[in-house]
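Visitor: Output the structure for:
(one chain, ligands or ions: 2)
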Amino acid sequence: MINHDLHMHTTYCDGKNSPEEMVLSGIAKGLKVVGISGHGTTPFDSRYCMSEEKTKKYIEEIKELKIKYKDQITVLCGIEQDFYAGVPKYDFDYVIGSVHYVFKDGNYLPVDESSDVFQKNVSKYYNGDYIAFAEDYFKNVSEVITKTNADIIGHFDLVTKFNEGYKMFDETDLRYVKAWREAVDKLIPFNKPFEVNSGAISRGYRTEPYPSLPILEYIKRKGGRVILSSDSHSAENIAFRFNEIEQRLVDLMK
Ligand SMILES: [Zn+2]
Ligand SMILES: [Zn+2]
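Guide: Residues are numbered from 1 along each chain as shown. Ligands and ions are numbered 1, 2, ... in the order given. Sure, this is the predicted structure:
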(Lines give C-alpha, C1' and ligand atoms only; values in the text may rest on other atoms or scores of the structure.)
(Ligands and ions follow the chains in the order given, each with its own letter.)
Protein backbone atom coordinates (compact mmCIF):
# COMPACT_ATOMS: atom_id res chain seq x y z
CA MET A 1 0.00 0.00 0.00
CA ILE A 2 1.22 3.53 -0.80
CA ASN A 3 2.08 5.08 2.55
CA HIS A 4 3.28 8.52 1.49
CA ASP A 5 1.66 11.65 0.10
CA LEU A 6 3.98 14.50 -0.84
CA HIS A 7 1.68 17.04 -2.48
CA MET A 8 -0.63 19.10 -0.26
CA HIS A 9 -1.43 22.71 0.56
CA THR A 10 -2.21 24.48 3.81
CA THR A 11 -3.42 27.85 5.07
CA TYR A 12 0.09 29.15 4.24
CA CYS A 13 -1.12 29.27 0.62
CA ASP A 14 -4.49 28.23 -0.82
CA GLY A 15 -5.33 25.28 1.47
CA LYS A 16 -8.06 25.11 4.11
CA ASN A 17 -6.17 23.47 6.99
CA SER A 18 -3.04 24.16 9.01
CA PRO A 19 0.11 22.05 8.49
CA GLU A 20 -0.55 20.36 11.84
CA GLU A 21 -4.08 19.39 10.80
CA MET A 22 -2.63 17.89 7.62
CA VAL A 23 -0.07 15.91 9.61
CA LEU A 24 -2.75 14.61 11.98
CA SER A 25 -4.90 13.56 9.03
CA GLY A 26 -1.92 11.76 7.52
CA ILE A 27 -1.42 9.87 10.78
CA ALA A 28 -5.15 9.02 10.99
CA LYS A 29 -5.01 7.67 7.43
CA GLY A 30 -2.07 5.42 8.28
CA LEU A 31 0.57 7.20 6.21
CA LYS A 32 4.25 6.84 7.09
CA VAL A 33 5.38 9.98 5.26
CA VAL A 34 3.53 13.24 4.78
CA GLY A 35 5.05 16.04 2.70
CA ILE A 36 3.67 19.57 2.76
CA SER A 37 4.24 21.42 -0.51
CA GLY A 38 3.16 25.06 -0.30
CA HIS A 39 3.14 27.17 -3.46
CA GLY A 40 6.51 28.92 -3.83
CA THR A 41 6.52 32.70 -4.32
CA THR A 42 5.43 33.82 -7.79
CA PRO A 43 6.13 37.57 -7.83
CA PHE A 44 3.67 38.29 -10.69
CA ASP A 45 0.66 36.61 -8.98
CA SER A 46 0.46 36.61 -5.19
CA ARG A 47 -3.06 35.18 -4.93
CA TYR A 48 -2.20 31.50 -4.42
CA CYS A 49 1.39 31.44 -3.25
CA MET A 50 3.37 32.07 -0.08
CA SER A 51 5.19 35.38 0.23
CA GLU A 52 8.91 35.31 1.05
CA GLU A 53 8.05 36.18 4.66
CA LYS A 54 5.45 33.43 4.91
CA THR A 55 7.82 30.91 3.38
CA LYS A 56 10.29 31.46 6.22
CA LYS A 57 7.53 30.90 8.82
CA TYR A 58 6.33 27.84 6.89
CA ILE A 59 9.80 26.28 7.02
CA GLU A 60 10.01 26.97 10.78
CA GLU A 61 6.59 25.52 11.54
CA ILE A 62 7.21 22.34 9.57
CA LYS A 63 10.55 21.93 11.29
CA GLU A 64 8.69 21.94 14.63
CA LEU A 65 6.09 19.45 13.37
CA LYS A 66 8.86 17.10 12.21
CA ILE A 67 10.12 16.92 15.78
CA LYS A 68 6.73 16.87 17.49
CA TYR A 69 5.41 13.91 15.47
CA LYS A 70 8.66 12.07 14.76
CA ASP A 71 7.53 8.89 16.53
CA GLN A 72 4.31 8.71 14.51
CA ILE A 73 5.10 9.95 11.01
CA THR A 74 7.89 11.42 8.89
CA VAL A 75 7.04 15.01 8.02
CA LEU A 76 8.78 16.53 4.99
CA CYS A 77 9.04 20.19 4.06
CA GLY A 78 8.56 20.50 0.31
CA ILE A 79 7.64 23.25 -2.09
CA GLU A 80 5.53 23.33 -5.24
CA GLN A 81 7.57 25.63 -7.41
CA ASP A 82 6.01 27.26 -10.42
CA PHE A 83 7.91 27.20 -13.71
CA TYR A 84 8.14 31.01 -13.75
CA ALA A 85 9.30 31.23 -10.12
CA GLY A 86 12.66 29.62 -10.91
CA VAL A 87 14.83 27.59 -8.53
CA PRO A 88 13.66 27.85 -4.87
CA LYS A 89 15.71 30.17 -2.66
CA TYR A 90 15.62 27.90 0.39
CA ASP A 91 16.65 24.35 1.00
CA PHE A 92 13.57 22.11 0.91
CA ASP A 93 13.36 18.35 1.37
CA TYR A 94 12.05 18.12 -2.21
CA VAL A 95 10.68 20.29 -5.01
CA ILE A 96 7.57 19.65 -7.12
CA GLY A 97 8.00 21.51 -10.42
CA SER A 98 4.69 22.67 -11.89
CA VAL A 99 3.51 24.81 -14.77
CA HIS A 100 0.53 26.99 -13.78
CA TYR A 101 0.88 29.74 -16.40
CA VAL A 102 1.72 30.36 -20.02
CA PHE A 103 3.42 33.68 -20.77
CA LYS A 104 1.88 35.23 -23.86
CA ASP A 105 2.03 38.79 -25.21
CA GLY A 106 3.34 40.12 -21.90
CA ASN A 107 0.75 38.31 -19.76
CA TYR A 108 0.93 35.34 -17.42
CA LEU A 109 -2.16 33.36 -18.43
CA PRO A 110 -3.30 30.98 -15.67
CA VAL A 111 -3.80 27.37 -16.80
CA ASP A 112 -5.98 26.18 -13.91
CA GLU A 113 -7.64 29.21 -12.32
CA SER A 114 -11.15 28.65 -13.67
CA SER A 115 -12.86 27.33 -16.76
CA ASP A 116 -14.09 30.82 -17.52
CA VAL A 117 -10.68 32.51 -17.31
CA PHE A 118 -9.14 29.70 -19.37
CA GLN A 119 -11.75 30.02 -22.13
CA LYS A 120 -11.50 33.81 -22.25
CA ASN A 121 -7.70 33.74 -22.48
CA VAL A 122 -7.64 31.08 -25.21
CA SER A 123 -10.15 33.10 -27.15
CA LYS A 124 -8.31 36.41 -26.67
CA TYR A 125 -4.67 35.30 -27.01
CA TYR A 126 -4.95 32.13 -29.13
CA ASN A 127 -7.90 32.85 -31.39
CA GLY A 128 -9.82 30.06 -29.68
CA ASP A 129 -7.15 27.46 -30.53
CA TYR A 130 -6.92 25.41 -27.31
CA ILE A 131 -4.27 23.15 -28.75
CA ALA A 132 -2.01 26.11 -29.56
CA PHE A 133 -2.30 27.05 -25.87
CA ALA A 134 -1.52 23.43 -24.94
CA GLU A 135 1.55 23.47 -27.21
CA ASP A 136 2.94 26.48 -25.32
CA TYR A 137 1.99 24.86 -22.02
CA PHE A 138 3.86 21.64 -22.82
CA LYS A 139 6.89 23.62 -24.04
CA ASN A 140 7.10 24.96 -20.50
CA VAL A 141 6.50 21.52 -18.98
CA SER A 142 9.36 20.09 -21.04
CA GLU A 143 11.73 22.50 -19.23
CA VAL A 144 10.20 22.38 -15.77
CA ILE A 145 13.02 20.35 -14.20
CA THR A 146 15.80 22.63 -15.40
CA LYS A 147 13.80 25.76 -14.47
CA THR A 148 12.82 24.72 -10.92
CA ASN A 149 15.28 21.99 -9.98
CA ALA A 150 12.29 19.71 -9.51
CA ASP A 151 12.47 16.27 -7.94
CA ILE A 152 8.88 15.51 -9.00
CA ILE A 153 7.05 16.61 -12.18
CA GLY A 154 3.72 18.09 -11.01
CA HIS A 155 0.33 17.45 -12.70
CA PHE A 156 1.85 16.89 -16.17
CA ASP A 157 -1.34 17.64 -18.19
CA LEU A 158 -2.95 20.30 -15.99
CA VAL A 159 -4.04 21.95 -19.26
CA THR A 160 -6.89 19.37 -19.38
CA LYS A 161 -8.34 20.41 -16.02
CA PHE A 162 -11.51 21.85 -17.55
CA ASN A 163 -11.61 19.46 -20.50
CA GLU A 164 -13.56 16.54 -19.02
CA GLY A 165 -15.34 14.76 -21.87
CA TYR A 166 -13.09 16.72 -24.32
CA LYS A 167 -15.56 19.61 -24.07
CA MET A 168 -12.95 22.19 -25.09
CA PHE A 169 -10.55 20.25 -27.29
CA ASP A 170 -9.96 16.74 -28.58
CA GLU A 171 -7.13 15.12 -26.65
CA THR A 172 -6.65 12.59 -29.45
CA ASP A 173 -5.82 15.41 -31.92
CA LEU A 174 -2.37 14.67 -33.32
CA ARG A 175 -1.08 18.18 -32.62
CA TYR A 176 -2.01 17.72 -28.97
CA VAL A 177 -0.47 14.24 -28.80
CA LYS A 178 2.74 15.51 -30.42
CA ALA A 179 2.97 18.35 -27.86
CA TRP A 180 2.80 16.10 -24.79
CA ARG A 181 4.97 13.38 -26.32
CA GLU A 182 7.75 15.88 -26.95
CA ALA A 183 7.53 17.02 -23.33
CA VAL A 184 7.69 13.43 -22.02
CA ASP A 185 10.67 12.71 -24.31
CA LYS A 186 12.58 15.74 -22.97
CA LEU A 187 11.84 14.89 -19.32
CA ILE A 188 12.54 11.15 -19.36
CA PRO A 189 16.38 11.45 -19.34
CA PHE A 190 16.24 13.27 -15.97
CA ASN A 191 14.79 10.10 -14.40
CA LYS A 192 12.50 12.07 -12.08
CA PRO A 193 9.04 10.72 -11.28
CA PHE A 194 5.92 12.02 -12.99
CA GLU A 195 3.23 12.73 -10.46
CA VAL A 196 -0.08 10.86 -10.70
CA ASN A 197 -2.31 13.47 -9.10
CA SER A 198 -5.83 12.83 -7.77
CA GLY A 199 -6.44 16.48 -6.82
CA ALA A 200 -8.78 17.40 -9.66
CA ILE A 201 -10.98 14.38 -8.85
CA SER A 202 -11.31 15.32 -5.19
CA ARG A 203 -12.23 18.86 -6.21
CA GLY A 204 -14.82 17.68 -8.74
CA TYR A 205 -13.14 18.81 -12.00
CA ARG A 206 -12.14 15.46 -13.41
CA THR A 207 -13.05 11.80 -13.11
CA GLU A 208 -9.49 10.57 -13.77
CA PRO A 209 -6.15 11.55 -12.24
CA TYR A 210 -3.46 13.51 -14.10
CA PRO A 211 -1.87 12.44 -16.39
CA SER A 212 -4.41 10.85 -18.72
CA LEU A 213 -4.15 7.14 -19.47
CA PRO A 214 -2.51 7.51 -22.92
CA ILE A 215 0.18 9.72 -21.37
CA LEU A 216 0.77 7.25 -18.54
CA GLU A 217 1.10 4.42 -21.03
CA TYR A 218 3.63 6.43 -23.04
CA ILE A 219 5.63 7.30 -19.90
CA LYS A 220 5.70 3.61 -19.04
CA ARG A 221 6.81 2.67 -22.54
CA LYS A 222 9.67 5.18 -22.31
CA GLY A 223 10.81 3.75 -18.96
CA GLY A 224 9.58 6.67 -16.82
CA ARG A 225 8.62 6.47 -13.16
CA VAL A 226 5.50 7.74 -11.37
CA ILE A 227 4.59 8.85 -7.84
CA LEU A 228 1.05 9.06 -6.49
CA SER A 229 -0.06 12.24 -4.74
CA SER A 230 -3.28 13.97 -3.71
CA ASP A 231 -2.57 17.69 -4.22
CA SER A 232 -5.04 18.04 -1.37
CA HIS A 233 -6.18 21.48 -0.25
CA SER A 234 -7.96 20.11 2.83
CA ALA A 235 -7.17 17.50 5.47
CA GLU A 236 -9.90 15.05 4.45
CA ASN A 237 -8.51 14.73 0.92
CA ILE A 238 -5.04 13.50 1.86
CA ALA A 239 -4.31 10.22 0.01
CA PHE A 240 -7.56 10.69 -1.93
CA ARG A 241 -8.52 7.45 -3.77
CA PHE A 242 -4.95 6.14 -3.40
CA ASN A 243 -5.92 2.47 -3.04
CA GLU A 244 -8.03 2.43 -6.17
CA ILE A 245 -5.54 4.40 -8.31
CA GLU A 246 -2.61 2.39 -6.99
CA GLN A 247 -4.22 -0.84 -8.13
CA ARG A 248 -4.70 0.54 -11.63
CA LEU A 249 -1.13 1.84 -11.72
CA VAL A 250 0.24 -1.52 -10.68
CA ASP A 251 -1.67 -3.15 -13.53
CA LEU A 252 -0.53 -0.48 -15.98
CA MET A 253 3.13 -0.24 -15.01
CA LYS A 254 3.87 -3.98 -14.70
ZN1 LIG B 1 -0.09 22.91 -8.93
ZN1 LIG C 1 -0.53 21.73 -5.70
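Visitor: which residues touch the helix or strand bottoming out on mean pLDDT in the chain?
Guide: Least confident helix or strand of the chain, by mean pLDDT, DSSP states H and E, is helix 242-253 with a mean of 89. For helix 242-253, contacts defined as CB atoms under 8 Å, 6 or more residues apart in numbering pick out 1-2, 5, 196, 198, 209, 213, 216-217, 220, 226, 228, 230. The way it works is simple: take the backbone N, C-alpha and C, and place the C-beta from them, glycine included.
Visitor: Quick one: low-confidence residue ranges for the stretch 151-254 of the chain.
Guide: Residues of the stretch 151-254 of the chain meeting the criterion pLDDT under 70: none.
Visitor: go again using 90 as the cut-off
Guide: Scanning the stretch 151-254 of the chain with the threshold set as pLDDT under 90 gives 248-254.
Visitor: where does it come near ligand 2, residue by residue?
Guide: With CB under 5 Å from the ion as the criterion, the stretch 151-254 of the chain comes near ligand 2 at residues Asp231.
Visitor: Show the contacting residues for the residue in the stretch 151-254 of the chain positioned nearest to ligand 2.
Guide: Residue nearest to ligand 2 within the stretch 151-254 of the chain: Asp231 (4.3 Å; CB to the ion). Shown in contact with Asp231 (CB under 8 Å, 6+ apart): 7-9, 154-155, 197-200.
Visitor: how about it, phi and psi?
Guide: phi 50, psi 40 (degrees, to the nearest 10).
Visitor: For the stretch 51-200 of the chain, which segments are assigned as helices?
Guide: 52-68, 115-126, 130-142, 144-148, 174-187, 199-202 (DSSP state H, counting those that start in this stretch).
Visitor: Quick check: the residue nearest the centre of the chain vs Tyr125, distance?
Guide: Centroid check for the chain by CA atoms, centre = their mean gives Gly154 as the closest residue, at 3.3 Å. Counting by CB to CB, to the nearest Å, the separation of Gly154 from Tyr125 is 23 Å.
Visitor: swap in Glu61?
Guide: Going from Glu61 to Tyr125 by CB to CB gives 39 Å.
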